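Enquirer: Fold the following and give me the result.
(2 chains)
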Amino acid sequence: MPDTQRHLRSSATQACRIGAISFAAFCAVGAAGTLAQAGLNTGFTLWDGLRVALIALTTVWLAWGAAQAFLGLRPLGPLPDVTIPFGEFPATVILVPICNENPTEVCARVSAMRQSLRMAGVPVDMAILSDTSHPDALRMERAALAPLFDGATGMGRVFYRNRTDQYGRKAGNIEDFIRKSGGAYTYAVILDADSLMEGETIRHLVARMEADPGLGLLQTLPKIVGATTLFGRAMQFSASYHSAVFARGLARIQGKSGPFWGHNAIARVHALAQCCGLPELSGPAPFGGTILSHDYVEAALLVRGGWRVEMDPRIEGSFEEGPENLLAFARRDRRWCQGNLQHIRLLTTPGLTAWSRFVFVQGIMSYLVSVAWGGFLIVSLLATAMAPSPDYFPNAYQLFPVFPDDRTHQIVALAVGIVGLLLLPKLAIFAESVATGRAQSFGGSARAFASVLIETLLTALIAPVMLMYQTRAVTEVLSGKDGGWPATARGEGALTMSEGWRSGRWITLYGVAITAIVQWAAPDLILWLLPVTIPMMLAPFLITATSWSSARGIFTVPQDRQQAPVVAAYHGQLQHLSTAERTPDAQITQSA
Amino acid sequence: MATRVTPVLNTNQNYVDGNDALPPAAAMDMPRQVLENTRRLTIATLMGRLFLRNA
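Expert: Below is the predicted model of the structure:
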């Protein structure tokens, strides 16, 4: 294995996995032991047992995330230097699955990538695979995309087709292409409707696949671009600043059984054809029917078929857009929640590697842990409310009172530990960015630190709101409610107060109810719960205010200072197409 | 290493070559994968296994 891929050696992967699992287990045992000790001081009850179990579960999850950050602090080796001999570029297609998207934006993205591919001299085809169903949307889509079909011949053409049945949704859309036309290509670069990729990046991806015949899929780490709101820019900053390190840790832990995130990746077409024909699961949705989170399953199936799946965060020039407000994020999260919980059915799929099953468990846990946190708070409240009053004179003839043991030390230690697990990775990433000079591209050390601080505060504020959304999503899925696959609301930015109120008022009601119950049953706890109940009561305001435009001073990312060529080309094309749409001739053509 | 899937030329005329349709048709076999484990470990099967093992 070349030196640049040292982190993928089996021994290195095993060591990282053992280290991360041991760290998570150590933290969980520490947290559970501390809480159990606190319970023993005053008599261990059933409530204490429940709390110990729940804190162990939640701490495992937190520590697992922290371990990934710590493993990613050390940089990976340099990017492998691979080339393709002139004139031997293998047949490659870029797949752009779309479904009721803004067609002007799709056209601008495809045009920008095509321009980038031409400049890089990369001869690949592009296929726009439409699942758009509404007749008006379909008519507009065809009209908007028409300029792309300019009669180019040979490689570098743009194809378009529309499916009428939408079987299997996005995975089915790509599968339909492979079944009918996959044999014409060796590699497929799979994108999302909002993805952008540089021509040089695609050349590198193809060269990596050519150099490594056992590699079935290579996933890039897309950077979020184009965010304008406070929420969107916070996510964009986090994805550039924190995720770069987390992804290195993930690459080390996952090794050759890496993830597939459904887009911004290259796949070997015959590996996909061989391994990734997904069936519908028996029974009705949400647990049966179409597999929603298909990408994790496809990665597991490729590994089952003997292929390697790698994620390489060192690859630059890969971009996507992110949700611009909390509502759009929660909507996407609802779909992911249902998709991940559906994986419960796949834990016993024959032939999967143990690690693939563990990855499914991680995805399932990422949603169940919200319910566990909520359960921990409720059990803690009940335990306090139902605790008997202390008996200072347990003996009849007693001169001095007996004070029950104080739990404060253990509870404070536990709180410090939990907050530490949340904050330490971020502080460690900040130290890494200063030490390596990476902080300079985020506006310098001071500005990067301010961004980290504000992002942490913002995350703490919206965490209870997200906890409520995720708990509702899990409850809905477990009670059999199918959330379907709502269209992604791209470009949806600022919300009005009435939109925020309509979406968040149920969380406010829960916040008020919890505060009233605590005030009645366990008033001593009211202060402890304020960090949870205040954001809940303010949910409509938080949802709205975080959707407002953000000042450029905070959450500075490298993309702010120097836009990637393909992103700049996209904005140029979008402006050009939007102007053309507004001209009288274009309006007449469209209305016709 | 996995076996290679051989591309098959598509005779389906619904898709024609051209910039407004799918690329030159070359169909591939894409078998549906088995994902659900239909084996149920019940007390009866467990007892059966024990019986067979001890028989």
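Enquirer: Quick check: residues of the stretch 201-350 of chain A near chain B?
Expert: Within the stretch 201-350 of chain A, the positions adjacent to chain B are A:213-214, A:269-279, A:281-282, A:291, A:297, A:301, A:305-307, A:345-346, A:348-350 by Cβ under 8 Å from any Cβ of the partner chain. For glycine as for every other residue, the C-beta is placed from the backbone atoms N, C-alpha and C.
Enquirer: Just the buried residues of the residues you listed.
Expert: Buried residues within those, counting neighbours by 16 or more other Cβ atoms under 10 Å in any protein chain shown: A:269-278, A:281, A:291, A:297, A:301, A:305, A:307, A:345-346, A:349.
Enquirer: Narrow those to those in helices?
Expert: Among these, the members found in helices (DSSP state H) are A:Val269, A:His270, A:Ala271, A:Leu272, A:Ala273, A:Gln274, A:Cys275, A:Val297, A:Leu301.
Enquirer: Who are the contact partners of the spatially closest residue to the first one that is not a sequence neighbour?
Expert: Pointing back at A:Val269 there. Closest residue in space to A:Val269, ignoring its immediate chain neighbours: A:Gly182 at 4.8 Å, by Cβ to Cβ, 6 or more residues apart in numbering or on different chains. Neighbouring residues of A:Gly182 by Cβ atoms under 8 Å, 6 or more residues apart in numbering or on different chains: A:Ala188, A:Val269, A:His270, A:Leu272, A:Ala273, B:Pro7, B:Ala26, B:Ala27, B:Met28, B:Met30.
Enquirer: Does the third one touch B:Met28 like I think?
Expert: Yes. At 7.1 Å, A:His270 counts as touching B:Met28 under the criterion of Cβ atoms under 8 Å.
Enquirer: where does the stretch 201-350 of chain A have low pLDDT?
Expert: Low-confidence segments of the stretch 201-350 of chain A (pLDDT under 70): none present.
Enquirer: let me redo that: chain B
Expert: Scanning chain B for pLDDT under 70 picks out the ranges B:1-24, B:39-55.
Enquirer: Which positions in the stretch 51-200 of chain A make contact with chain B?
Expert: A:93, A:125, A:127, A:149-152, A:157-161, A:175, A:177-185.
Enquirer: can you rerun that using 10 Å?
Expert: Residues of the stretch 51-200 of chain A found near chain B (Cβ under 10 Å from any Cβ of the partner chain) are A:91, A:93, A:125-127, A:129, A:142, A:145-146, A:148-153, A:155, A:157-161, A:175-186.
Enquirer: neighbours of A:Arg74, just the number please.
Expert: The local packing of A:Arg74 (other Cβ atoms under 10 Å in any protein chain shown) involves 12 other residues.
Enquirer: which ones are touching A:Thr92?
Expert: Shown in contact with A:Thr92 (Cβ atoms under 10 Å, 6 or more residues apart in numbering or on different chains): A:122-126, A:155, A:185-189, A:202-203, A:205-206, A:209, A:266, A:269.
Enquirer: how near is it to chain B?
Expert: Distance, A:Thr92 to chain B, by Cβ to the nearest Cβ, to the nearest Å: 11 Å.
Enquirer: Phi first, then psi, for that residue.
Expert: Main-chain torsions, A:Thr92, degrees, to the nearest 10: phi -130, psi 140.
Enquirer: before we move on, what about A:Lys223?
Expert: With angles defined as degrees, to the nearest 10, A:Lys223 sits at phi -90, psi 140.
Enquirer: hang on, it packs against A:Val566?
Expert: No. Using Cβ atoms under 10 Å, A:Lys223 makes no contact with A:Val566, being 11.5 Å away.
Enquirer: what touches both of these two?
Expert: Jointly contacting A:Lys223 and A:Val566 under the rule Cβ under 10 Å, 6+ apart are A:Leu196, A:Gly317, A:Ser318, A:Phe319.
Enquirer: If you go by neighbour count, which of those are buried?
Expert: Listed as buried from those are A:Leu196, A:Gly317, A:Ser318, A:Phe319; burial here means 16+ other Cβ under 10 Å.
Enquirer: so which of those would you say is closest to A:Leu458?
Expert: Closest approach to A:Leu458 among these (Cβ to Cβ): A:Phe319, at 23.0 Å.
Enquirer: and the closest one, bridged to which residues?
Expert: Legend: beta-bridge partners of A:Phe319 under DSSP bridges are A:Leu196, A:Lys223.
Enquirer: That one contacts A:Tyr570, doesn't it?
Expert: Yes. Taking contacts as Cβ under 10 Å, A:Phe319 lies within contact range of A:Tyr570: 8.8 Å.
Enquirer: which residues do these two both contact?
Expert: A:Arg109, A:Leu196, A:Val225, A:Gly226, A:Ala564.
Enquirer: Which residue lies closest in space to A:Tyr187, excluding its sequence neighbours?
Expert: Using Cβ to Cβ, 6+ apart and skipping the chain neighbours, the partner closest in space to A:Tyr187 is A:Thr92 (4.5 Å).
Enquirer: Oh, that last question was meant for A:Leu461, not what I typed.
Expert: The nearest residue in space to A:Leu461 (Cβ to Cβ, 6+ apart) is A:Pro535, at 5.1 Å.
Enquirer: per-residue confidence for the one you found?
Expert: On the pLDDT scale, A:Pro535 is placed at 97.
Enquirer: just checking, it touches A:Ile514?
Expert: No. Look at A:Pro535 against A:Ile514 with Cβ under 10 Å: they stay out of range, at 11.9 Å.
Enquirer: Comparing these two, which shows the higher neighbour count?
Expert: Applying other Cβ under 10 Å to A:Pro535 and A:Ile514 shows that A:Pro535 carries more neighbours, namely 22 against 19.
Enquirer: Quick check: the more buried one vs chain B, distance?
Expert: From A:Pro535 across to chain B, the span is 40 Å (Cβ to the nearest Cβ).
Enquirer: same check, this time on A:Gln37
Expert: 39 Å.
Enquirer: repeat for A:Met386
Expert: For A:Met386, the distance to chain B equals 38 Å [Cβ to the nearest Cβ].
Enquirer: Please identify which of the shared contacts of A:Lys223 and A:Val566 is nearest to chain B.
Expert: Set against chain B, the nearest of these by Cβ to the nearest Cβ is A:Leu196 (21.8 Å).
Enquirer: What does the pLDDT read for that closest one?
Expert: On pLDDT, A:Leu196 comes in at 98.
Enquirer: my guess is it contacts A:Thr220, does it?
Expert: No. Counting by Cβ under 10 Å, A:Leu196 does not reach A:Thr220; the two are 11.5 Å apart.
Enquirer: what do these two both touch?
Expert: Jointly contacting A:Leu196 and A:Thr220 under the rule Cβ under 10 Å, 6+ apart are A:Asn264, A:Gly317, A:Ser318, A:Phe319, A:Glu320.
Enquirer: got a list of what the third one touches?
Expert: Under the criterion of Cβ under 10 Å, 6+ apart, the contact list for A:Ser318 reads A:189, A:191, A:195-198, A:201-202, A:205, A:219-223, A:263-265, A:564, A:566.
Enquirer: Ok, the first one next?
Expert: Remark: with contacts taken as Cβ under 10 Å, 6+ apart, A:Asn264 is in contact with A:189-192, A:195-197, A:201, A:205, A:219-223, A:315, A:318-320.
Enquirer: who in the stretch 351-500 of chain A is up against chain B?
Expert: So the stretch 351-500 of chain A meets chain B at A:Gly351, A:Leu352 (Cβ under 10 Å from any Cβ).
Enquirer: Find the closest residue to chain B in the stretch 351-500 of chain A.
Expert: For the stretch 351-500 of chain A, Cβ to the nearest Cβ, closest residue to chain B: A:Gly351, 8.3 Å.
Enquirer: Assign that residue to helix, strand or coil.
Expert: In terms of secondary structure, A:Gly351 is coil; the call rests on DSSP: H, G, I helix; E, B strand; the rest coil.
Enquirer: now the helices for the stretch 451-592 of chain A?
Expert: Shown for the stretch 451-592 of chain A, the helices assigned by DSSP state H, counting those that start in this stretch span residues A:497-521, A:526-537, A:539-545, A:558-561, A:565-582, A:584-591.
Enquirer: contact partners of the third one?
Expert: Residues external to helix A:539-545 that are found in contact with it (Cβ under 10 Å, 6+ apart): A:229-231, A:325-327, A:330, A:458, A:461-462, A:464-465, A:468-469, A:494-511, A:535-536, A:538.
Enquirer: Thank you, goodbye.
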